[in-house]
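*Asks:* just need the structure, nothing else, for what follows:
(one chain, ligands or ions: 2)
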Amino acid sequence: MTAQALDEYDYDDDHSDGLSHPKPRGADFSHGIALYLEEVSVWFDSFRALNNLSLYIEEGELRCIIGPNGAGKTTLMDVITGKTRPTEGSVFFGQTYNLATMSTEQIAESGIGRKFQKPTVFENFSVLDNLLLAAPKDKRVMGSLRRRLDADTRNTLEATLEQIRLTDKTRLPAGLLSHGQKQWLEIGMLLMQSPKLILLDEPVAGMTDAETEHTAELCLRLKQNHTLIVVEHDMSFIDAISEKVTVLAQGAILAEGTLAEVQENEAVIESYLGR
Ligand SMILES: Nc1ncnc2c1ncn2[C@@H]1O[C@H](COP(=O)(O)OP(=O)(O)OP(=O)(O)O)[C@@H](O)[C@H]1O
Ligand SMILES: [Mg+2]
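*Replies:* Ligands and ions are numbered 1, 2, ... in the order given. The predicted structure is shown next:
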């Protein structure tokens, strides 16, 4: 058992074999593509935030999205998570889920987790309770109730605490964590849902250099079991984690390739990186 505090919980040991068995999800990645956006446009009145955007994210990929302020990066995440509806075009999660027709809750349940830029942890609750509150509804129990945690939830909890480096802070009110630790806790809250696709919007904004480095390591570990889309302005962070980078500008793709490739692209230099 990782955290001593966890031993206060009764848990259903019957199926415990030390392995985590996340619920099988319905998303069908049989073609190797986790996310399809095809010719997506988003209009806000007469302003076009996304402009005929087509994007394909492979299963297991860690895709970085960069671009100037107002390029449409957050709008893209809003479209994937159902917060904003595409005015035109289609958005599919695997072969089966037509995200444009699903509610934000249905999209989350289908296996897509999103971290917003501002941490939204419950400051008065402990790290442990924040994570347990984020568990799927049928498994949700509060620490103070000391109800039974089933083996799956307990395994997910322990693995998550290790991933986010908060194993020794389970009893601490989240409000007392550093900014970086709050960001990791929020990523942990996503992990409690065992998402297949994780969207991170500016995860290292406001972090110290050391916290940024830890977050890069965390992203690379998450990549072993998840597909990730990461939006960031911090180029040293992008350099540490990136494979394929997509540059967005004025709602459309300006360039795609390795960071080194896009950094040499004339159009990218003009519109984003500057000379
Ligand atoms: N709900 C909305 N109504 C009207 N305009 C919006 C709305 N949401 C976003 N926009 C506009 O769409 C454009 C794209 O915004 P978005 O937040 O997607 O940019 P971004 O690439 O995430 O920028 P940043 O790097 O600053 O976070 C901006 O001009 C923004 O003002
Ligand atoms: Mg944004």
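
*Asks:* CA atoms for contacts and neighbours, from now on please.
*Replies:* Fine.

*Asks:* shaky segments in the stretch 151-275 of the chain?
*Replies:* 275 (pLDDT under 70).

*Asks:* hmm, try it at 90
*Replies:* 151-156, 270-275 (pLDDT under 90).

*Asks:* now do the helices in it.
*Replies:* Assigned by DSSP state H, counting those that start in this stretch, the stretch 151-275 of the chain shows helices spanning 151-163, 179-191, 209-222, 235-241, 259-264, 266-268.

*Asks:* R221: how many residues sit nearby?
*Replies:* Neighbour count of R221, defined by other CA atoms under 10 Å: 12.

*Asks:* equivalent analysis for the one 3 residues further on, please.
*Replies:* Here the count is done by other CA under 10 Å, and Q224 has 11 residues near it.

*Asks:* quick check: the gap between the residue nearest to it when sequence neighbours are not counted and T74.
*Replies:* Spatial nearest neighbour of Q224, excluding adjacent residues (CA to CA, 6 or more residues apart in numbering): G60 at 7.3 Å. Distance of G60 to T74, given as CA to CA, to the nearest Å: 21 Å.

*Asks:* cool, and S178?
*Replies:* S178 sits at a distance of 25 Å from T74 (criterion: CA to CA).

*Asks:* which one of those two has more residues nearby?
*Replies:* T74 (18 against 12).

*Asks:* and the helix or strand harbouring the more buried one, what other elements does it pack with?
*Replies:* Using DSSP states H and E, T74 sits in helix 73-80. Applying 3 or more CA pairs under 8 Å, 6 or more residues apart in numbering; DSSP states H and E, one finds that helix 73-80 makes contact with strand 47-58.

*Asks:* pretty sure the residue nearest to Q224 is in a strand, no?
*Replies:* No: read with DSSP: H, G, I helix; E, B strand; the rest coil, G60 is coil and lies in no strand.

*Asks:* quick check, it in contact with L222.
*Replies:* No: G60 is beyond contact range of L222, at 9.6 Å (criterion: CA atoms under 8 Å).

*Asks:* what residues are shared contacts of the two?
*Replies:* L228 (CA atoms under 8 Å, 6 or more residues apart in numbering).

*Asks:* mind checking how far the closest residue to M77 other than its chain neighbours is from E109?
*Replies:* Counting by CA to CA, 6+ apart, M77 lies nearest to L199, which is 7.1 Å off, once chain neighbours are set aside. Distance of L199 to E109, given as CA to CA: 14 Å.
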